[in-house]
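Chemist: coordinates for the following, if possible.
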Amino acid sequence: MSILVYIRNIGGKIKKQSLELTSYANAMSQSTGIPVVGVVIGEIENSVLSELGKYGMSKVLKAGDAQFNNRVNRVYTRIVEQAALKLDAKYVLFPDNNQGKAIAPRLSVRLRAGFVPQVLDLPSSYEPLVVVKRAFTGKALATVEVKTERKIMSPMLNSFGLSESPAEIVIEDFTPDIDEPQSRLEIVDKKLDNDAVSLADAEIVVSGGRGLKSAENFNLLEKLSDTLGGAVACSRPVADDGWRPADEHVGQTGKVIAPNIYFAIGISGAIQHVAGVSGSKCIVAINADPEAPIFDVADYGMVGDALTIVPELNEAFKNHLSEK
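Modeler: This is a model prediction of the structure:
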């Protein structure tokens, strides 16, 4: 029996979200006595995977064949299914991101397992499993009881944090039985910026809306993000207008994020946008309109022209950080 954690492999690296998920699984292990085991897909060095041992993982199954590097969700589902059956996984944990949302529901059907997304805390009970999750785009909480033999969960990013619990880790090569094409598409080119801070992993996110007036003015947000070691995001209208890439769009119809600090700059605060960032631990709003709805959910607010405030804020942060 095991608690199986899906470890996301991004160009041969693992990000904070996989470490956080392992920490969550280890906390479950301390209550249930069930060991934490991971499954990772694609080429990745054992030295990278060994870091998972710091957070309580005792074993990793590595399906490291280069043919699996293309991230085909249909194939990845089959691989995780075979790993779950091999390890007799009672619990399977996925990150609450696009890949997790694509694989977990498929796996739920194949394993006949109950699936709970957007989990906010550790289970309050294991027999039966009872957990609390986000509901109604973050406006409410739901307590869910899962009665199936196997359970699948996706804890929210930054809902648990990192907790070191060093353990001996064994990395075992895993060869799944996949008898179907790896992809129905031909990948002509692929570019990954492995050094950039992703929105999913960022502890600080600097986000902009139409209040910035033009695409060129987003360079102010990029500078602030660089100073703070964060990531840049945007509202849906900004992405729709082509000012910023679509994968930077956060909100109900974009990426749902939960950083420690979220800067909403020139963003009015439509309910669809707030639904995607309501999990943030601290929201800082900058808007010229004192009646903007974003101030209703912000922990701190500044009324004024973002084009004036952001450069001054950036300089203040630079000076503060240089004094450390």
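Chemist: find the residue at the geometric middle of this structure.
Modeler: residue 200 (4.0 Å; Cα atoms, centre = their mean).
Chemist: contact partners for it?
Modeler: 15, 17, 95, 97, 157, 255, 257 (Cβ atoms under 8 Å, 6 or more residues apart in numbering). For the C-beta atoms, the positions are set from N, CA and C on the backbone; glycine is no exception.
Chemist: just the buried ones out of those, please.
Modeler: 15, 17, 95, 97, 157, 255, 257 (16 or more other Cβ atoms under 10 Å).
Chemist: for the worst-scoring helix or strand of the chain on mean pLDDT, output the C-alpha coordinates as PDB.
Modeler: Of all helical and strand segments in the chain, the minimum by mean pLDDT, DSSP states H and E falls on helix 271-277, at a mean of 89. Taking Å, rounded to 0.1, in the frame of the first residue of the first chain, the C-alpha atoms of helix 271-277 are listed here in PDB:
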ATOM      1  CA  ILE A 271     -15.500  38.500 -10.100                       C
ATOM      2  CA  GLN A 272     -14.000  36.200 -12.700                       C
ATOM      3  CA  HIS A 273     -10.500  37.500 -12.100                       C
ATOM      4  CA  VAL A 274     -10.800  37.500  -8.300                       C
ATOM      5  CA  ALA A 275     -12.000  33.800  -8.400                       C
ATOM      6  CA  GLY A 276      -8.600  32.800  -9.900                       C
ATOM      7  CA  VAL A 277      -6.500  34.700  -7.300                       C
END
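Chemist: mind listing what's buried in the helix or strand following it?
Modeler: Note on helix 271-277: by DSSP states H and E, the next helix or strand toward the C-terminus is strand 282-287. Within strand 282-287, the residues scored as buried using 16+ other Cβ under 10 Å are 283-287.
Chemist: parallel or antiparallel, list what pairs with strand 282-287.
Modeler: In the sheet containing strand 282-287, its partner strands are strand 261-265 (parallel), strand 300-303 (parallel), by DSSP bridges.
Chemist: who touches it?
Modeler: Residues outside strand 282-287 that contact it (Cβ under 8 Å, 6+ apart): 211, 260-269, 277, 292, 294-295, 297-304, 306, 309-310.
Chemist: try it again with 7 Å
Modeler: 211, 260-266, 277, 294-295, 297-303, 306, 309 (Cβ atoms under 7 Å, 6 or more residues apart in numbering).
Chemist: quick check: mean pLDDT across that strand?
Modeler: Across strand 282-287, pLDDT averages out at 95.
Chemist: just the CA trace of that strand, in PDB.
Modeler: The C-alpha atoms that make up strand 282-287 are tabulated as PDB, following Å, rounded to 0.1, in the frame of the first residue of the first chain:
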ATOM      1  CA  CYS A 282      -1.900  38.800   0.500                       C
ATOM      2  CA  ILE A 283      -3.400  40.900  -2.200                       C
ATOM      3  CA  VAL A 284      -2.000  44.400  -3.000                       C
ATOM      4  CA  ALA A 285      -4.100  46.500  -5.300                       C
ATOM      5  CA  ILE A 286      -3.000  49.600  -7.200                       C
ATOM      6  CA  ASN A 287      -5.800  51.400  -9.100                       C
END
